[in-house]
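> take a look and give me a structure for this.
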Amino acid sequence: MKDYIALIRLPQYTKNLFIFLPLFFALRLQEPERLFKVSLAFLGFCLLASAVYIFNDLHDLIEDSQHPKKKYRPLPAGRITKGSAIGLMACLLVFGLSLAYVLSIQMFYLCLLYISLNLAYSVKLKHVPILDVMIVAACFVIRIFVGGAVGGVPVYMWIVIMTFLLALFLSLGKRRDDVLIFLEKNHRPRKSIDGYNLRFIDASMMIMAAVVLVAYLMYTVSPEIIAKFKTDKLYITSIFVLTGVMRYLQIAMLEENSGSPAEILMKDPFIQMSIAGWIISFAFLIYM
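Model (predicted):
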């Protein structure tokens, strides 16, 4: 069971929490019917995401077996057979797409787009520098539109912009880990690594960190947002965004700790407290 949990990447499900953001920002999170439907959408999307992870593992089986970290995953390590993985992937796809179709035809098409993008990413596009991180960021935006479609709430421009920028920032941190592995182990995790080096990624992360913070500050003081939420105090929440971004930069710049954003989120109490502080303060200002 532990190997199958590792295969479906359970910790990565934290990414799918972005599905709840449209409800949160639309002030509809307290409505049971909408919350229930979006929770089902979260479950369905998790199933599809796991199917995509399994496909990626199957496609990269030979590469992963030579990777200093990924070689311990269930498939490269031989703890789960290819046949079992393919069977599980098929079941997850069927159940995930069926649930998406029942919930919303829009979600169904968005999920097909998500799967198509990820298949293209796994087979070819993840080896194209810059485009690879753009696709990862685009998949986060798809999650936002899924939440809006199932929750029956509009997806505002600012949510899309902030989600894309933040996902791009986090994706660059993951690529930094690939560069470090190449430098330390002389092993190239992916072909796109030829288009990256530490200087480029560090500069890009600094730029994206600044852009994320400026964009968020512009969002909090936007007349449209102040009128929508009936408060001009949202800028206070930028403290938690700033500390979270700085902490992630601190971790990413420490070579021995650079790694998956989802893993960092699960393990780092400082980032967890920053996220909790943002959620609590933002919710207090717009719901109270």
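> number of nearby residues for Ala227?
Counted with other C-beta atoms under 10 Å, residues neighbouring Ala227 total 10. The way it works is simple: take the backbone N, C-alpha and C, and place the C-beta from them, glycine included.
> tell me the pLDDT at it?
Ala227 carries a pLDDT value of 92.
> secondary structure element for it?
Assigned by DSSP states H and E, Ala227 belongs to helix 223-229.
> other SSEs contacting that helix?
Using 3 or more C-beta pairs under 8 Å, 6 or more residues apart in numbering; DSSP states H and E, no helix or strand is in contact with helix 223-229.
> list the buried ones in the helix or strand that it is followed by?
The helix or strand immediately downstream of helix 223-229 is helix 238-253, counting by DSSP H and E. For helix 238-253, the neighbour count (16 or more other C-beta atoms under 10 Å) marks Ser238, Phe240, Val241, Leu242, Thr243, Gly244, Val245, Arg247, Tyr248, Leu249, Ile251, Ala252 as buried.
> and stretch 61-69, by the same measure?
Buried positions in stretch 61-69, judged by neighbour count with 16+ other C-beta under 10 Å: Asp64, His67.
> with just CA atoms, put that stretch into PDB.
Extracted in PDB, the C-alpha atoms of stretch 61-69 (Å, rounded to 0.1, in the frame of the first residue of the first chain):
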ATOM      1  CA  LEU A  61      11.200   4.400 -16.400                       C
ATOM      2  CA  ILE A  62      14.700   4.000 -17.900                       C
ATOM      3  CA  GLU A  63      15.700   7.600 -17.100                       C
ATOM      4  CA  ASP A  64      14.400   7.500 -13.600                       C
ATOM      5  CA  SER A  65      16.300   4.200 -12.900                       C
ATOM      6  CA  GLN A  66      19.500   6.300 -13.300                       C
ATOM      7  CA  HIS A  67      18.300   9.300 -11.300                       C
ATOM      8  CA  PRO A  68      19.900   9.600  -7.800                       C
ATOM      9  CA  LYS A  69      16.500  10.300  -6.200                       C
END
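> how far off centre is it?
Mean-position distance between stretch 61-69 and its chain equals 23 Å (C-alpha atoms, centre = their mean, to the nearest Å).
> avg pLDDT for it?
Taken as a whole, stretch 61-69 has an average pLDDT of 75.
> please apply the same query to stretch 241-260.
On average, stretch 241-260 scores 81.
> repeat for stretch 5-16
Regarding stretch 5-16, the rounded mean pLDDT is 89.
> what sits up against the helix holding Ala227?
Contacting residues not belonging to helix 223-229 are listed as Leu27, Trp158, Tyr219, Asp232, Leu234, Leu285, Ile286 [C-beta atoms under 8 Å, 6 or more residues apart in numbering].
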